[in-house]
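Asks: My questions are about this predicted structure, shown below with the sequence.
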Amino acid sequence: MHLKLAFDWSLKPIYDVIAKIPGSQYPDEWIVRGNHHDGWVNGAEDPLSGLVPELEEARAMGELMKQGWKPKRTLVYAAWDGEEPALLGSTEWVETHAKELTQKAVLYFNSDGNGRGFFGVGGSHTLERFIGEVEKDVIDPETKLSVWKRSQAQAIASGDRKARGEARDRADLRIDALGSGSDFSPFLQHAGVPTLNGGFGGEDGSGIYHSIYDSFAWYTRFSDTSFVYGRALAQTVGSTVMRMADADLLPFEFGNLAETVQGYTAELKELHDNVASKIAETNRQIDDGIFAATNDPQNPLKAPKSEPLAPALNFAPLDNADGSLTRAASRYEKAYVAAIAAGADPMTFARFNEIVARADQALLDDKGLPKRPWYKHLLYAPGLYTGYGVKTMPGAREAIEQKSWSEADVEIGRIAAAVQREADLVGRATDVLEKKARVQP
């Protein structure tokens with residue numbers, strides 16, 4: 001087979017479309033909502049099935065404003081260009097407005113394609129409980145169950161034993177960690193903006209991804225034919241945006257984050273043990289002549305070489321930081337519940353909100369990840385070799401995978417420092433609420 005390839009490398013302008021609704025009480029606190037508008041060829045599913053619900057959200061906000069409603073926080077609605085080539089529009093916008101975002105943004109909510117089925121969501125684990133509460137109040141258009149109930153049922157039906165148990169018994173459904181592949185990356189992994197990414201899907205076949213067949217005709221015959229799941233996406237994300245915009249206390253919760261971080265730490269330890277065990281077993285088989293004895297003389301394979309044994313890694317700083325975050329999260333939860341019950345105190349709440357909105361920034365490191373300094377988040381990143389696939393605690397995880405033991409120790413230390421910064425941030429936010437409680441008559 002002979003292929004003739006032709007490329008157009010000329011430069012083209014791209015256009016982000018940005019609309020703002022100024023906040024009535026906290027204009028310098030932003031909720032940013034985005035979906036890209038460019039596509040490969042027709043782009044009915046990717047991106048228009050996500051963009052159209054975003055436009056419907058914006059239209060609904062406009063109707064509410066005509067009736068006298070105004071959001072307390074500023075809403076920024078964005079349609080990104082150049083997503084398909086390299087997340088260009090969103091990345092350029094984030095880099096251009098980096099200072100403003102680090103000072104003002106309290107949430108970025110991203111969507112992309114949308115279809116029939118279950119609501120899938122990933123992002124900052126400080127928002128896990130919050131998005132679950134929204135899901136409980138939105139009705140799935142076909143089953144008439146809540147969106148949350150359907151997601152729980154899917155986790156039970158398709159998960160392993162651990163996932164089934166958690167879906168039944170854990171108070172909050174787990175959300176995914178985010179890798180890459182859509183416009184959430186610059187917000188979360190570069191700027192440290194608390195982020196969610198969500199959409200419906202899982203019940204229709206595809207096969208049209210990034211092709212000429214991703215058309216209006218295909219979508220209206222084989223996917224969300226009556227657009228009811230587009231409406232459900234607008235309801236889910238629109239409700240999320242409105243609740244975050246009007247919350248007196250930002251609805252961040254740190255217990256689930258602490259639990260998640262402990263899980264990532266356990267995975268790192270298990271990964272190290274598995275790599276170390278494999279090296280030791282391979283070396284032993286070489287010494288015992290196993291490869292020579294089992295090699296096929298007519299189709300010989302080259303035997304592996306012995307490797308230095310894996311050294312022990314120092315996980316103590318990370319264990320200590322995990323413990324600090326867990327204790328801080330427990331204290332925070334008690335103070336948060338008490339503050340909600342006590343009622344509004346604008347000055348106290350403003351100081352609290354300013355602290356917790358920086359939760360993901362505490363998990364950044366200005367040096368970035370090894371070999372890719374643009375990615376600064378130490379908990380979530382796309383893998384160096386996995387494309388869209390996420391790597392959690394990526395610096396340490398990839399160093400262990402690559403048997404770069406000295407680098408792994410350094411990265412474990414950096415992650416531990418970031419987790420401790422998060423614990424300190426949670427402590428400062430709790431101090432604000434507890435101080436208010438002490439001075440009340």
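Replies: Cool, the structure landed. Because the structure is a prediction, the values reported are computed rather than measured.
Asks: helices or strands up against the helix or strand harbouring residue 397?
Replies: For residue 397, the host element (DSSP states H and E) is helix 394-401. Secondary-structure packing of helix 394-401 (3 or more Cβ pairs under 8 Å, 6 or more residues apart in numbering; DSSP states H and E): helix 255-287, helix 405-439. C-beta coordinates here come from the backbone N, C-alpha and C atoms, glycine included.
Asks: With mean neighbour count added, can I get those helices in CSV?
Replies: Listed next are the helices and strands packed on helix 394-401 as CSV, based on neighbours: other Cβ atoms under 10 Å:
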stretch, mean neighbour count
helix 255-287, 16
helix 405-439, 19
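Asks: of all these, which lies closest to residue 245?
Replies: Closest approach to residue 245 among those is made by helix 405-439 (19.8 Å; Cβ to Cβ).
Asks: Also compute the angle for that closest one relative to helix 394-401, please.
Replies: Using axes from the mean of the first three to the mean of the last three Cα atoms, to 10 degrees, the direction of helix 405-439 lies 150 degrees away from that of helix 394-401.
Asks: what pLDDT, on average, does helix 405-439 get?
Replies: Per-region confidence: helix 405-439 scores 93 on mean pLDDT.
Asks: got the angle for it vs helix 255-287?
Replies: 160 degrees.
Asks: Mind giving me the packing neighbours of helix 405-439?
Replies: Counting by 3+ Cβ pairs under 8 Å, 6+ apart, the packing neighbours recorded for helix 405-439 are helix 255-287, helix 316-342, helix 346-356, helix 394-401.
Asks: Any idea how far the shortest one is from the middle of the chain?
Replies: Okay, so that is helix 394-401. 19 Å (Cα atoms, centre = their mean, to the nearest Å).
Asks: tell me the phi and psi of the closest residue to residue 229 other than its chain neighbours?
Replies: Closest residue in space to residue 229, ignoring its immediate chain neighbours: residue 200 at 4.6 Å, by Cβ to Cβ, 6 or more residues apart in numbering. Main-chain torsions, residue 200, degrees, to the nearest 10: phi -90, psi 150.
Asks: Cross-check the contact I'm expecting between residue 200 and residue 116.
Replies: Yes: the pair residue 200 and residue 116 passes the contact test of Cβ atoms under 8 Å, sitting 6.6 Å apart.
Asks: Of the two, which one has the most company?
Replies: Under the neighbour definition other Cβ atoms under 10 Å, residue 200 and residue 116 were set side by side, and residue 200 has more, 28 against 20.
Asks: who are the neighbours in contact with the more buried one?
Replies: By Cβ atoms under 8 Å, 6 or more residues apart in numbering, the contact list for residue 200 reads 114-120, 224, 229, 232-233.
Asks: redo that, cut-off 7 Å
Replies: Applying Cβ atoms under 7 Å, 6 or more residues apart in numbering, we find residue 200 in contact with 114-119, 229, 232-233.
Asks: Over to residue 358?
Replies: residue 425.
Asks: Can you pull the phi/psi pair for it?
Replies: phi -90, psi 20.
Asks: any idea how far it is from residue 71?
Replies: Counting by Cβ to Cβ, to the nearest Å, the gap from residue 358 to residue 71 is 21 Å.
Asks: next one: residue 103
Replies: In terms of Cβ to Cβ, residue 103 sits 19 Å off from residue 71.
Asks: One more: residue 230?
Replies: For residue 230 relative to residue 71 (Cβ to Cβ), the value is 23 Å.
Asks: now residue 314
Replies: Computed as Cβ to Cβ, the residue 314 to residue 71 distance reads 47 Å.
Asks: Counting neighbours, go ahead and name the busier of these two.
Replies: Taking other Cβ under 10 Å, residue 314 and residue 71 do not tie; residue 71 has more neighbours (22 against 13).
Asks: The more buried one sits in which helix or strand?
Replies: Under the criterion DSSP H and E, no helix or strand holds residue 71.
Asks: Contacts only, for the nearest residue to it once chain neighbours are set aside.
Replies: The shortest distance from residue 71 to any non-neighbouring residue, by Cβ to Cβ, 6+ apart, is to residue 245 (3.9 Å). For residue 245, the contact set (Cβ under 7 Å, 6+ apart) comprises 31, 71-73, 75.
Asks: Buried residues, the helix or strand hosting residue 245. List them.
Replies: Using DSSP H and E, residue 245 sits within helix 228-246. Using 16 or more other Cβ atoms under 10 Å as the test for burial, helix 228-246 gives 229-230, 232-246.
Asks: Could you give the average pLDDT over that helix?
Replies: Taken as a whole, helix 228-246 has a mean pLDDT of 98.
Asks: What of stretch 339-359?
Replies: 93.
Asks: and it, how far from the chain's centre?
Replies: Centroid separation between stretch 339-359 and its chain, computed with Cα atoms, centre = their mean, is 24 Å.
Asks: What residues sit buried inside that stretch?
Replies: For stretch 339-359, the neighbour count (16+ other Cβ under 10 Å) marks 339, 345, 348-349, 351-359 as buried.
Asks: From residue 172, how far out is residue 156?
Replies: Using Cβ to Cβ, we find residue 156 at a distance of 15 Å from residue 172.
Asks: between these two, which one's more packed in?
Replies: Shown here are residue 156 and residue 172; by other Cβ under 10 Å, residue 172 has more neighbours (18 against 14).
Asks: Do I have it right that the more buried one meets residue 256?
Replies: Yes: in this structure residue 172 lies within contact range of residue 256 using Cβ atoms under 7 Å: 5.9 Å.
Asks: list residues touching both of the two?
Replies: By Cβ under 7 Å, 6+ apart, the residues touching both residue 172 and residue 256 are 128-129.
Asks: care to break this protein down by domain?
Replies: In terms of domains, the chain is parsed into 17-246, 255-439 (source: automatic domain parsing).
Asks: Could you export those domains as JSON lines, including distance to residue 6?
Replies: Shown next, in JSON lines, are the domains of the chain (distance: least, Cβ to Cβ, whole Å):
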{"stretch": "domain 17-246", "distance to residue 6": "16"}
{"stretch": "domain 255-439", "distance to residue 6": "25"}
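Asks: ranking those domains by burial, who's on top?
Replies: domain 17-246 (a mean of 19; mean count of other Cβ atoms under 10 Å).
Asks: How far off centre is that domain?
Replies: 11 Å.
Asks: in the sheet, who's paired with the residue most central in space within the chain?
Replies: By Cα atoms, centre = their mean, the chain has its centre lying nearest to residue 123, at 2.1 Å. Going by DSSP bridges, residue 123 is paired in beta bridges with residue 196.
Asks: Touching, it and residue 175? I think so.
Replies: Yes: using Cβ under 7 Å, residue 123 and residue 175 qualify as a contacting pair, with a distance of 6.1 Å.
Asks: Kindly export stretch 229-245 (C-alpha atoms) in PDB.
Replies: Provided in PDB are the C-alpha atoms of stretch 229-245 (Å, rounded to 0.1, in the frame of the first residue of the first chain):
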ATOM      1  CA  TYR A 229     -29.400  14.300  27.600                       C
ATOM      2  CA  GLY A 230     -28.300  17.600  26.300                       C
ATOM      3  CA  ARG A 231     -31.000  19.100  28.400                       C
ATOM      4  CA  ALA A 232     -29.800  17.000  31.400                       C
ATOM      5  CA  LEU A 233     -26.200  18.200  30.900                       C
ATOM      6  CA  ALA A 234     -27.400  21.800  30.900                       C
ATOM      7  CA  GLN A 235     -29.400  21.200  34.100                       C
ATOM      8  CA  THR A 236     -26.500  19.400  35.900                       C
ATOM      9  CA  VAL A 237     -23.800  21.900  35.000                       C
ATOM     10  CA  GLY A 238     -26.100  24.900  35.200                       C
ATOM     11  CA  SER A 239     -27.100  23.900  38.700                       C
ATOM     12  CA  THR A 240     -23.500  23.400  39.700                       C
ATOM     13  CA  VAL A 241     -22.600  26.900  38.400                       C
ATOM     14  CA  MET A 242     -25.500  28.600  40.100                       C
ATOM     15  CA  ARG A 243     -24.900  26.900  43.500                       C
ATOM     16  CA  MET A 244     -21.200  27.700  43.400                       C
ATOM     17  CA  ALA A 245     -22.000  31.300  42.300                       C
END
